[in-house]
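Student: got a structure for you, letters missing:
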């Protein structure tokens, strides 16, 4: 996805230790035009698998997942980190490492919104360590729903997260792939699904 | 906004103590078609005030604020509850009560993304106690930007939050107004801005 690749090269900042700052267009400030294009690209790549629901994790996954949900016209469910008072008993719960606080956080989805008849597309902002994605995959498994695909906006290939997803047999698509960030940020074009 | 009013009457649940459960279409599962209509309605009501940025708070504000940002084609900034490692020093910080954890949470915005030249539209999911909205207004003040409007998807009028916003002189628009939830949920049509 060339406009995303160009945007990362223009506005992404390598802060050291493999941390890529993209908060001017994705994670704190959001460019809605870019996000709409991201959503359309996910829709293009995954429509053929007939997803009935999109699943993401709060917070940073919500924007790209909502854009994809708008384009595919299917409901979006975001896993919550805290069980709100409005949530019914017996939700599905998985743990994932916290990016902001260290330690682990729970990812919680009400059983009302993931059903065994669902065909679920997982969408998140990053594929880096892939630990959040693994927790989302486990939530889908717990619900008995069928996973049909995983989409990440940006993949940090050098962090090797795909190894953690080696048992996942559905298509895994990222829209821009960071090959390395040693001296400069090197972004590969990501090819579209067949 | 009649489709929102009908949706609240159909799927909203009064859990007691003034708590309205709308997580089947707004706060956990999100209906992207409804959210797009919400965004278009905010755009319709606030376009005349020429906002240059939309400000909301994570988590539940992101979906309606992104939909409005897509419709108005201006950037969205969401105040974060935790300062991520990628955030520059010296952000603007305000406190607001936490809905999920009790106590207070910080709302944090990088000074890079709220500038004194900005015309800011605040968008959030609820106008209830209005304490989150007050914190967002204070973030705008701290940045020196101009506040041009406040939009909430659902107003719980019986919680009297507008009293807390009495010094705000810009238009405050909610798209559906819950008058009471004593026996049944009573939703007033909200009139569009002039």
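Tutor: Here it is on my side, so go on. Not measured: the values here are computed from a predicted model.

Student: how near is the most centrally placed residue in chain A to chain B?
Tutor: Geometric centre of chain A, nearest residue: residue A:124, 1.0 Å, by CA atoms, centre = their mean. In this view, residue A:124 and chain B are 14 Å apart by CB to the nearest CB, to the nearest Å. For the C-beta atoms, the positions are set from N, CA and C on the backbone; glycine is no exception.

Student: ditto for residue A:142
Tutor: 16 Å.

Student: about what we covered before: how about the contacts made by the closest residue to the residue nearest to the centre of chain A other than its chain neighbours?
Tutor: Take residue A:124 and drop its neighbours on the chain: the residue closest to it by CB to CB, 6 or more residues apart in numbering or on different chains is residue A:61, 4.4 Å away. Contacts for residue A:61 (CB atoms under 8 Å, 6 or more residues apart in numbering or on different chains) come out as A:78, A:123, A:124, A:125.

Student: the residue nearest to the centre of chain A and residue A:55 touch, don't they?
Tutor: No - when contacts are counted by CB atoms under 8 Å, residue A:124 is not listed as touching residue A:55 (9.2 Å).

Student: looking at chain A, which strand is longest?
Tutor: strand A:146-156 (DSSP state E).

Student: let me see the mean pLDDT of the helix or strand that that strand is followed by.
Tutor: The first helix or strand that comes after strand A:146-156 along the chain, using DSSP states H and E, is strand A:172-180. What strand A:172-180 shows for mean pLDDT is 96.

Student: coming back round to it: given the helix or strand hosting the residue nearest to the centre of chain A, what are its sheet partners and their directions?
Tutor: In the assignment (DSSP H and E), residue A:124 maps to strand A:119-127. Here strand A:119-127 is paired, per DSSP bridges, with strand A:53-57 (parallel), strand A:146-156 (parallel).

Student: go through those strands and name the closest to residue A:140.
Tutor: Ranking those by proximity to residue A:140 (CB to CB) places strand A:146-156 first, at 4.8 Å.

Student: now do the closest one against strand A:172-180, angle only.
Tutor: Angle of strand A:146-156 versus strand A:172-180, following axes from the mean of the first three to the mean of the last three CA atoms, to 10 degrees, is 20 degrees.

Student: chain center to strand A:146-156, what's the gap?
Tutor: Taking the mean of its C-alpha atoms, strand A:146-156 sits 6 Å from the chain's own mean (CA atoms, centre = their mean, to the nearest Å).

Student: circling back to that earlier point, buried deepest among the strands paired with strand A:119-127, which one?
Tutor: strand A:53-57 (a mean of 28; mean count of other CB atoms under 10 Å in any protein chain shown).

Student: thinking again about what came up before, gap between the residue nearest to the centre of chain A and residue A:153?
Tutor: Separation of residue A:124 from residue A:153 (CB to CB, to the nearest Å): 8 Å.

Student: what do those two both touch?
Tutor: residue A:64.

Student: hang on, the earlier thing: any chance of the contacts of residue A:61 in TSV, plus distance to residue B:183 and pLDDT?
Tutor: Shown next, in TSV, are these (distance: CB to CB, whole Å; pLDDT from 0 to 100):
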residue	distance to residue B:183	pLDDT
A:78	32	98
A:123	41	98
A:124	42	98
A:125	44	97
